[in-house]
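S.K.: fold the following, please.
(one chain, ligands or ions: 1)
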Amino acid sequence: MTPNLRPDRMHTPDQALVDVVLAYVTERLSIQETPIDGFGDREEMRKALEGLIGAEPKDPAEVMGIYEKYLSETVLSADSPRFFGFIPAAPTKASLLFDMVVSAASLQGCSWLEAAGAVMAENQALRTMADIAGMPQSIGGTFVSGGSAGNLSALVVARDTARASRAANGLPLYQLQVVVSDQAHSSIENALNIVDMGAIVIPTLDGCMTREDLKRGLANQDLSNVVAIVATAGTTNAGIIDELDAAADTAESHGWWFHVDGAYGGAGMLDPEKRALYTGIERVDSLVMDPHKWWFAPFDSAALLYADPHLAKAVHTQDASYLDVIHAGDLTEFNPSDLAFHLTRRARGMALWFSLAVNGLDAYRDAVVAGNTMARYAADQIKAHPDRELIREPDLSVVLFRRTGWTAQDYDKWATDLLSQQVAFVTSSTWRGETVGRLAFLHPGTTTAMVDEVIAALN
Ligand SMILES: *Cc1c(COP(=O)(O)O)cnc(C)c1O
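M.R.: Numbering: from 1, shown residues only. Here you go, the predicted structure:
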């Protein structure tokens, strides 16, 4: 057989291929200020891709060239310091590089049997996060693909744990309910739909679920089928932290599961000035924080922590005869696969692990503080103008504001113009039914000059 017809020809080392891809990667990693991009003509893209995949091989340089020329710039760079829409991303250089190691070494992180070193490293990162939250020594957890997957996996455990104890007490097992705030992330509603649980929605006075809101919202309700309460540590829309201690007290007094969604805002605990806002987070039954948001790791990664991982293991362990061997070991060790609704998983916590070690926690603290400081700066600039109004003083790194006289179309134009000039990526939002401006800060490379440009465009 000639070498280029061997069945392992795709698996044979190829230095030219390595060079082509690494040249691009090296250039990308050398960028200080990632451009926002996010433009491109779909018809052009379609044409460029036409016939690219066929029976015969194509030159890697040609395919890489097509990626660079037609595809790469159409993808918005959430990791640009000028990206203020949704929740930005800002993976550290170390985390991006180690993500390549995870890929190159094909590291999976299913079980101790298959991936002891990866599980050990991921657990060290999880332990570090749990310590920052003040969670007990008993914790266990895993990294899942995102906050949505984390919230869902946790709520399944909440439901089935409740079902087990309700079955023992002869209580109904269906039409169970969860207490949530009116600001809970859409993924919570989605998860409740999937697990077939209902919501008791607590109306909040100003976006923060307070002790008073809980008291008022739960009064005169039938709570006999409630099994859990979900609080948010940093709402996505406005960066608001619920009164976690009040939610924990409520959960404790009723015997409910206490889940905190810190997908975006959990990392805000690293800011010493904000730490007190998180009091009560140490009392969670389950906690989600996304490394791919404010823990400065690449997509896709969310940390899911349980105070008692035995409960998660009892719910999520998959039984199959071919899997018996991974469950045969020490029962005090938890396999990542057994703690969420997944089986095969990329060791996606390792990029965070490497970066935490290489950079140290002080660097993480400083980067988080930078986001909060920039939000404070933006809020002050907005307040300084007579025709601009802050909706609410920012708790964390999201700023909501109103440009008096503007309609939804004006905010859209503001956003479209800023993007087409590559000044910034911004998105409007709504607050109490009104279209408002919104800026989310996360990248420590964002400068006050960048923010000034965005605010100046509110004319
Ligand atoms: C982003 C976010 C989610 C969803 O996380 P994904 O990683 O996008 O799945 C859930 N809750 C909050 C508060 C978030 O900010």
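
S.K.: tell me how far the residue nearest to Thr446 when sequence neighbours are not counted lies from Ala456.
M.R.: Counting by CB to CB, 6 or more residues apart in numbering, Thr446 lies nearest to Pro81, which is 4.4 Å off, once chain neighbours are set aside. C-beta: built from backbone N, CA, C; applies to glycine. Noted for Pro81: a distance of 17 Å to Ala456, by CB to CB, to the nearest Å.

S.K.: more neighbours: which of those two?
M.R.: For Pro81 versus Ala456, the count of surrounding residues by other CB atoms under 10 Å is larger for Pro81: 22 against 11.

S.K.: the one helix or strand Leu439 maps to pairs with which strands, parallel or anti?
M.R.: In the assignment (DSSP states H and E), Leu439 maps to strand 434-440. Listed by DSSP bridges, the sheet partners of strand 434-440 and their directions read strand 398-403 (antiparallel), strand 427-431 (antiparallel).

S.K.: hey, which of the ones you listed is tucked in deepest?
M.R.: For these, the largest average neighbour count (mean count of other CB atoms under 10 Å) is found in strand 398-403, namely a mean of 24.

S.K.: which other residues reach it?
M.R.: Strand 398-403 is contacted from outside by 236-239, 375, 378-379, 382, 387-392, 410-411, 414, 429, 431, 434, 436-441, 458, using CB atoms under 8 Å, 6 or more residues apart in numbering.

S.K.: list the buried residues in the helix or strand encompassing Asn151.
M.R.: Taking DSSP H and E as the definition, Asn151 sits inside helix 147-168. Neighbour counts using 16 or more other CB atoms under 10 Å place 147-163, 166 of helix 147-168 among the buried residues.

S.K.: check the residues you listed one by one and keep those near the ligand.
M.R.: When CB under 6 Å from any ligand atom is applied, the members of the buried residues of helix 147-168 adjacent to the ligand are Gly147, Ser148.

S.K.: which residue is the nearest non-sequential neighbour of Arg283?
M.R.: If the residues on either side of it in the chain are set aside, Arg283 comes closest to Ala248, at 4.0 Å by CB to CB, 6+ apart.

S.K.: name the element the one you found belongs to?
M.R.: helix 244-254.

S.K.: so does that helix get close to the ligand?
M.R.: No. Against the ligand, helix 244-254 shows no contacts by CB under 6 Å from any ligand atom, the least distance being 13.5 Å.

S.K.: stretch 268-285 too?
M.R.: No. Using CB under 6 Å from any ligand atom, stretch 268-285 never reaches the ligand; the gap is at least 11.6 Å.

S.K.: out of the strands paired with strand 434-440, which gets nearest to Asp37?
M.R.: Asp37 sits nearest to strand 427-431 of all these, at 15.8 Å, using CB to CB.

S.K.: how far is that closest one from where the chain is centred?
M.R.: A distance of 20 Å separates the centroid of the chain from that of strand 427-431, by CA atoms, centre = their mean, to the nearest Å.

S.K.: what does the stretch 301-450 of the chain have sitting close to the ligand?
M.R.: Residues of the stretch 301-450 of the chain that fall close to the ligand, judged by CB under 6 Å from any ligand atom: Ala302.

S.K.: so what pLDDT did the most centrally placed residue in the chain get?
M.R.: By CA atoms, centre = their mean, the chain has its centre lying nearest to Asp290, at 3.2 Å. Asp290 carries a pLDDT score of 98 in this model.

S.K.: report the contact partners of Leu396.
M.R.: Contacts of Leu396 (CB under 8 Å, 6+ apart): Gly234, Gly239, Ile240, Ile241, Gly265, Gly268, Lys274, Gly371, Asn372, Ala375.
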